[in-house]
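>>> Following is a predicted model, sequence given first.
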Amino acid sequence: MSTVPDRTMSAALPHHVGATSSMPALFVIFAALVAFVAGFAYLDISWPRVLGGLSELGRIASLMLPPTYGTTARLMGWLHALLETLAIAFLGTLLAAVIAAPLGFLAARNVVPVWIFRFSLRRLLDTFRGVDTLIWALVWINVVGLGPFAGVLAIMTSDIGAFGKLFSEAIEAADGRPGEGVTATGGTELHRVRFGLLPQVLPILVSQILYYFESNTRSATIIGIVGAGGIGLHLAEQIRTLEWQHVSFIVLMILVTVAIIDFFSARVRFAVIGANPTAEANA
Amino acid sequence: MLRLDSVTKAFGATTAVDKVSFDIPRGQFLGIIGRSGAGKSTLLRMINRLTTPTSGRIYSDDRDVTALNGAPLRDWRQANAMIFQQFNLVGRLDVLTNVLLGRLNHTSSVRSIARLWSKEDRVIAFSALEQLDIASLAAQRAETLSGGQQQRVAIARALVQQPSLILADEPIASLDPRNTRIVMDALQRINKQLGITIICNLHSLDTARAYSDRLIGMAQGRVVFDGAPSTLDDATVRSLYGLEANEVVDTAGTAMPQRRHGMLPTPVAA
């Protein structure tokens, strides 16, 4: 093997291959650095305060240990609230999935070829998705009042947008050949979607829904802070009253819950996607 | 009888099929040959109306089928079963359900969407699988099958449509020589015993010669040969295939088929 570059070879290469100038990359890095420094200056972040804050963070962390829950009655209250958070996440995700599933099909190019219809629906879904769950929570609290129902609606609203987009993209990525086979037998458009698309995309949709359920358990905690029910309210209260040991205990409770959901949702996902042919023979 | 009258399909500036006209009598095994891109697939897809011709007419027994829509179009497609190079099965569904998809146009929408197939349909589908020697695979997921097995499932699906015509678009292009024979023999049996007309796009000339009653050669969207396989001479082959000519006549394992005439066990086609 010769280390001398083969001249005939390099002559055959188009000029731009491998010879790309690094100038644009350098410029981007430089611009990012400028923006970084400017950002600090604009937000008036002083380094002494950052350093001082670090030591304060250490102090709070040490105050969190060991995590405790105080009285059993309080623990029961938290468990109840945690269950409420789970219920909010579950109902919100499920409602969003049920509403978004038909919308996802309608927003897919290989189901609805009419450009303008698809475009309008997609922008509508973008609007739902573009507003964060927390904002939706504040909106719904004003509509239906404080409590878990507002939380369910908040998660549902923002996830209809997210699911609609994810579902429609999964559907568009599906292989068109099975559907063509169905059409060629004399099947209707509905048949094509039912047999040509649905069996292909259903495992993907289920897996996305499970991911969102897991992530929504965390979101449901946050929206609890603004009064939409669940464990978040207790967490905010403990932070306000500087009960750091309680805060760390609640955080641990949430972590364990999310880990458990993660474990089970992974098993369900494998059951749906996996090699077991009987698992989705009924799809 | 199927009659094509000056059928043309243009995609933008390119003309895939250019004023093709010919008649196909009932019961014929017609092989369409030509290199890839000659317009063979587009022609078949226009007959089944997966693609609509840009101009020209297609008649079935003097009925114009070029402009059908809705239910009459679905009836027409059902009567023109299509077999694809890539099988076009629903991989995640079991084999029997895939075959039952051939019964969609015979079943009410509500029942078919819910997969509530009638006992009669299940029997028809199962016996079609039996005819193709793959009944034992009925409960398996289609995507777990080999290419040859999948193509036989596709043929079973075509049979349960109870078609008068089968359009096979390069049915053996993805198969090995052994499966090529199994699939082509199955098509031949269907043609000879059930009297179903077959139009089969084939790249391999030897296979086309061995199985077809009549050959149509296409080049650049036009029919350049139409006649009995025995009348196809070397000069025509060269004009059809150009530089590929040696490759298409040198395919091992597609030797003369056995002309089998055993009875089929069940009356799948009406």
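Good, I have the coordinates.

>>> so residue A:208 is in which element?
Using DSSP states H and E, residue A:208 sits within helix A:198-225.

>>> quick one: average confidence on that helix?
Across helix A:198-225, pLDDT averages out at 88.

>>> helix or strand right after it?
Sequence order places helix A:231-240 as the next helix or strand after helix A:198-225, per DSSP H and E.

>>> Render the CA-only coordinates of that next one in CSV, please.
Extracted as CSV, the C-alpha positions of helix A:231-240 are listed here (Å, rounded to 0.1, in the frame of the first residue of the first chain):
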residue,chain,number,x,y,z
ILE,A,231,-48.0,16.0,42.9
GLY,A,232,-46.7,19.2,41.4
LEU,A,233,-48.7,21.3,43.8
HIS,A,234,-47.1,19.6,46.8
LEU,A,235,-43.7,19.9,45.3
ALA,A,236,-44.1,23.6,44.8
GLU,A,237,-45.4,24.0,48.3
GLN,A,238,-42.4,22.2,49.9
ILE,A,239,-40.0,24.3,47.8
ARG,A,240,-41.8,27.5,49.0
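
>>> what's the following helix or strand after it?
The helix or strand immediately downstream of helix A:231-240 is helix A:244-273, counting by DSSP H and E.

>>> That following helix: which residues count as buried?
Neighbour counts over helix A:244-273 (16 or more other C-beta atoms under 10 Å in any protein chain shown) mark A:244, A:246-251, A:253-254, A:257-258, A:261, A:265, A:269, A:272 as buried. Every C-beta, even on glycine, is put in place using the N, C-alpha and C of the backbone.

>>> Tell me the one of those nearest chain B?
Nearest to chain B among the buried residues of helix A:244-273: residue A:272, at 10.8 Å, using C-beta to the nearest C-beta.

>>> Could you tell me which residues of chain B lie near chain A?
B:48, B:50, B:74-79, B:81-82, B:84, B:86-94, B:101-102, B:104-105, B:109, B:112-113, B:140-141, B:144, B:154, B:157, B:161 (C-beta under 8 Å from any C-beta of the partner chain).

>>> coming back round to it: filter the buried residues of helix A:244-273 by proximity to chain B?
Okay, of these, nothing touches chain B (C-beta under 8 Å from any C-beta).

>>> Residue B:23 belongs to a helix, doesn't it?
No - Residue B:23 sits outside any helix when classified using DSSP: H, G, I helix; E, B strand; the rest coil, being strand.

>>> burial measure for residue A:44, as a count.
7 (other C-beta atoms under 10 Å in any protein chain shown).

>>> For it, give me its contacts.
Residues near residue A:44 by C-beta atoms under 8 Å, 6 or more residues apart in numbering or on different chains: none.

>>> Backbone torsions only: list them for it.
In terms of degrees, to the nearest 10, the main-chain angles of residue A:44 are phi 60, psi 50.

>>> Could you measure from it over to chain B?
Distance of residue A:44 to chain B, computed by C-beta to the nearest C-beta, to the nearest Å: 58 Å.

>>> on that earlier part again, how distant is the helix holding residue A:208 from the center of its chain?
Per C-alpha atoms, centre = their mean, to the nearest Å, the displacement of helix A:198-225 from the mean C-alpha position of its chain is 7 Å.

>>> which SS class is residue A:171?
Following three-state DSSP, residue A:171 is assigned to helix.

>>> Apart from its chain neighbours, what residue comes closest to it?
residue A:108 (3.9 Å; C-beta to C-beta, 6 or more residues apart in numbering or on different chains).

>>> Tell me how many other residues crowd that neighbour.
Neighbour tally, residue A:108, other C-beta under 10 Å: 24.

>>> Would you confirm that residue B:75 contacts residue A:186?
Yes - Residue B:75 lies in contact with residue A:186 (C-beta atoms under 8 Å); the separation is 6.6 Å.

>>> Now the common contact residues for these two.
Residues touching both residue B:75 and residue A:186 (C-beta under 8 Å, 6+ apart): residue B:105.

>>> and these two? which has more neighbours close in?
Using other C-beta under 10 Å, the more surrounded residue of residue B:75 and residue A:186 is residue A:186, with 26 against 14.

>>> Tell me which residues touch that one, please.
By C-beta under 8 Å, 6+ apart, residue A:186 lies in contact with B:74, B:75, B:76, B:77, B:78, B:79, B:104, B:105, B:161.

>>> Filter these down to the buried ones and hand me the PyMOL line.
To isolate the buried members of these in PyMOL, using 16+ other C-beta under 10 Å:
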select buried, chain B and resi 74+76+77+78+79+104+105+161
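
>>> what pLDDT, on average, does the helix ranked longest in chain A get?
When chain A is parsed with DSSP state H, its longest helix is helix A:72-106. Helix A:72-106 carries an average pLDDT of 90.

>>> C-alpha coordinates for stretch A:31-44, CSV please?
The C-alpha trace of stretch A:31-44 is given here as CSV (Å, rounded to 0.1, in the frame of the first residue of the first chain):
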residue,chain,number,x,y,z
ALA,A,31,-20.8,33.8,15.2
ALA,A,32,-21.9,31.3,17.9
LEU,A,33,-19.1,32.5,20.2
VAL,A,34,-20.1,36.1,19.7
ALA,A,35,-23.8,35.3,20.4
PHE,A,36,-22.7,33.4,23.5
VAL,A,37,-20.8,36.3,25.0
ALA,A,38,-23.5,38.8,23.9
GLY,A,39,-26.2,36.7,25.5
PHE,A,40,-24.4,36.8,28.9
ALA,A,41,-23.9,40.6,28.6
TYR,A,42,-27.5,41.1,27.6
LEU,A,43,-28.9,39.1,30.5
ASP,A,44,-26.5,40.9,32.8
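
>>> Return, as residue ranges, the portions of the chain with sub-threshold pLDDT.
Going with chain A. Across chain A, the ranges flagged by pLDDT under 70 are A:1-21, A:274-283.

>>> The intended chain is chain B.
B:243-270.

>>> Going along the chain, name the strands of it.
In chain B, the segments counted as strands under DSSP state E are B:2-11, B:14-24, B:29-33, B:55-60, B:63-64, B:80-83, B:165-169, B:197-202, B:214-219, B:222-227.

>>> Of these, which stretch is the most buried?
Burial of the strands of chain B is given as mean neighbour count (mean count of other C-beta atoms under 10 Å in any protein chain shown); strand B:80-83 ranks first at a mean of 27.

>>> So which elements touch that strand?
Strand B:80-83 is packed against helix A:177-184, helix B:40-48, helix B:147-160, strand B:165-169, with contacts defined by 3 or more C-beta pairs under 8 Å, 6 or more residues apart in numbering or on different chains; DSSP states H and E.

>>> tell me which parts of chain A are close to chain B?
Neighbours of chain B within chain A, by C-beta under 8 Å from any C-beta: A:177-178, A:180-188, A:190-191, A:194-196, A:199-200, A:203, A:277, A:280-281, A:283.
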